[in-house]
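# Predicted model and sequence below, questions to follow.
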Amino acid sequence: MDPLKLNNTEIAFAYKSNRELRESYWLFKLMNHASLVKLGTNMAMTALNWHLPIKGIVKRTIYRQFCGGETIEECNRLIKKLGEFNIKTILDYGVEAKSNEEEFDKSAEYLIKTLHYAIQDDNIHIISSKLTGLFRSALLEKMTAGASLTEAEQQEYERGKKRIWNICEAANRANIYVHIDAEESWLQGAIDELALELSAEFNKGVPTVINALQMYRKDRIDFLKRSLEHAREHKYLCAVKLVRGAYMEKERARAAAKGYPSPIFETIEGTHASYNAGLEYCLDHIDEMYLSNATHNEDSCQLLAKLMDEKDIPKNHPRIVTAQLIGMSDNISFGMAKAGYNVEKYVPYGPVKHVLPYLIRRTQENTSVGGQMSREFNLIQTEMRRRKLI
Ligand SMILES: Cc1cc2nc3c(=O)[nH]c(=O)nc-3n(C[C@H](O)[C@H](O)[C@H](O)COP(=O)(O)OP(=O)(O)OC[C@H]3O[C@@H](n4cnc5c(N)ncnc54)[C@H](O)[C@@H]3O)c2cc1C
């Protein structure tokens with residue numbers, strides 16, 4: 001099989017007007033300056049905390065690149081546009097960790113609202129949830145550490161569980177899928193156990209609950225195998241989203257501060273090998289699994305395509321999808337969709353202030369590394385040249 005063609009910027013950016021492409025160009029050009037990104041993110045956090053009027057500028061720049069809108073209605077145009085290119089939307093109300101019952105109820109309310117919206121729109125069939133938006137992180141941490149809960153904490157856990165249970169139950173009835181995002185390793189043990197319990201209940205023949213595995217962790221291949229064994233034992237479909245993982249620095253810093261070995265591979269090669277081994281494992285067992293290949297890594301996408309071809313798995317197999325974040329790797333998303341693969345874009349929405357931590361992670365990811373232009377900037381620059389805009 002010929003390798004996938006993922007370097008066609010005309011296909012990648014067909015959905016962007018010249019004006020939109022120019023805006024992305026200037027944004028990524030600025031983001032190539034690491035010191036500017038550091039200064040900008042510090043200033044943005046401070047300004048928002050002091051209620052200074054910077055919402056407008058954030059919204060016109062990084063927000064527009066990496067988010068769908070402040071409300072679902074604002075995301076509509078983008079969702080429709082992606083749909084025209086056969087790309088489905090994973091819709092996420094972009095809340096990060098919350099800390100009290102009132103906020104958890106509010107997050108659950110937003111998830112239900114997102115779900116209702118997804119039910120009406122064929123272009124959206126997945127919603128995404130961070131359990132730290134529904135549970136107190138300290139509670140998840142205590143459970144992950146294996147400590148026993150007080151009576152009050154047990155009740156608190158049951159309230160959180162009821163929130164996500166109701167969401168999965170409603171999603172299951174409507175044939176919508178729910179991504180359970182992977183978070184920091186010291187919270188993840190509790191998230192995994194709950195994800196397995198929800199899967200056993202709702203994944204009878206359908207992938208309603210899709211648990212995320214961060215393959216930068218040394219123990220994830222074992223956990224992947226354990227997940228499939230659990231599914232076999234309880235007779236349900238094992239549904240996973242493979243990601244490399246977004247919290248590497250935080251993980252390493254905590255491990256160093258507390259004096260335990262970091263759970264993350266020491267080198268990026270270790271992470272790549274683990275991710276690719278995960279892909280291969282899922283494809284070997286695809287009759288019993290659902291796989292979301294959630295990555296911006298071209299080699300992993302090429303590997304997926306090659307393995308699918310070798311195993312005679314059709315490109316549009318209903319239980320294999322590839323997913324990227326909005327604003328990133330359009331060459332992969334639009335290239336693979338055009339080649340006939342199932343593709344999804346993750347579109348977060350919500351007020352600027354709430355999604356700021358997510359936006360900061362995206363800007364850091366797209367900063368120049370060791371003087372090398374970011375992958376995105378190179379692609380945009382190529383398309384600007386092709387359109388004779390520079
Ligand atoms: C649809 C979607 C959903 C996502 N959901 C989640 C989620 O639930 N939880 C989550 O944590 N992330 C999630 N992510 C983010 C994902 O983890 C990041 O996009 C990812 O880390 C970037 O990696 P990549 O696969 O695109 O590949 P690349 O850009 O090729 O690899 C970069 C990644 O490799 C790893 N890495 C880098 N340097 C080293 C090193 N020195 N040693 C070891 N490893 C290294 C890190 O994970 C880094 O992010 C999601 C991404 C997508 C596209």
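Everything's here; your move.

# I'd like to check what contacts the worst-scoring helix or strand of the chain on mean pLDDT. Which residues are they?
Ranked by mean pLDDT, DSSP states H and E, the helix or strand of the chain with the weakest confidence is helix 34-49, at a mean of 77. When contacts are defined by C-beta atoms under 8 Å, 6 or more residues apart in numbering, helix 34-49 is touched by residues 30-31, 54-55, 58, 352-353, 356, 360, 363-364, 367-368. Just so you know, the C-beta spots here come from the backbone N, C-alpha and C atoms, and that holds for glycine as well.

# quick one: which of these is most hemmed in?
Of all the contacts of helix 34-49, residue 31 has the most neighbours under the rule other C-beta atoms under 10 Å, reaching 24 neighbours.

# got a list of what residue 345 touches?
Here residue 345 is in contact with 82, 87-90, 323-326, 333 (C-beta under 8 Å, 6+ apart).

# which among those gets closest to the ligand?
Taking C-beta to the nearest ligand atom as the measure, residue 323 is the one of those closest to the ligand, at 3.7 Å.

# Which secondary structure state does the closest one sit in?
strand (DSSP: H, G, I helix; E, B strand; the rest coil).

# list the helices and strands the helix of greatest length in the chain packs on?
In the chain, taking DSSP state H as the definition, the longest helix is helix 151-174. If contacts are counted by 3 or more C-beta pairs under 8 Å, 6 or more residues apart in numbering; DSSP states H and E, helix 151-174 sits against helix 101-120, strand 124-129, helix 137-144, strand 177-180, helix 185-202.

# same thing but 6 Å
When contacts are defined as 3 or more C-beta pairs under 6 Å, 6 or more residues apart in numbering; DSSP states H and E, helix 151-174 sits against helix 101-120, helix 185-202.

# ok, and which of the contacts of helix 34-49 reach the ligand?
Among the contacts of helix 34-49, no residue lies close to the ligand (C-beta under 6 Å from any ligand atom).

# TSV for those, including secondary structure and pLDDT?
Listed next are the contacts of helix 34-49 as TSV, based on DSSP: H, G, I helix; E, B strand; the rest coil; pLDDT from 0 to 100:
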residue	secondary structure	pLDDT
30	helix	87
31	helix	86
54	coil	77
55	helix	83
58	helix	86
352	helix	89
353	helix	84
356	helix	85
360	helix	86
363	helix	86
364	helix	81
367	coil	77
368	coil	62
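
# rewinding a little: so which bits of the longest helix of the chain are buried?
Residues of helix 151-174 classed as buried by neighbour count (16 or more other C-beta atoms under 10 Å): 153, 156-157, 160-161, 163-165, 167-168, 170-172.

# same question, stretch 228-238
Quick answer for stretch 228-238 (16+ other C-beta under 10 Å): 228, 231, 236-238.

# Stretch 107-121 now?
Buried residues in stretch 107-121, counted by 16+ other C-beta under 10 Å: 107-108, 110-112, 114-115, 117-119, 121.

# Please apply the same query to stretch 68-86.
Neighbour-count burial for stretch 68-86 flags 68-70, 72, 75, 78-79, 82, 85-86 (criterion: 16+ other C-beta under 10 Å).

# quick one: contacts of that stretch?
15, 89, 117, 123, 334, 337, 345, 347, 349, 351 (C-beta atoms under 6 Å, 6 or more residues apart in numbering).

# In strands only, show me those.
Among the contacts of stretch 68-86, the ones falling in strands (DSSP state E) are 89, 345, 347, 349.

# For the first one, the count of nearby residues, please.
When you say that, I think you mean residue 89. Residue 89 has 24 neighbouring residues, counting by other C-beta under 10 Å.
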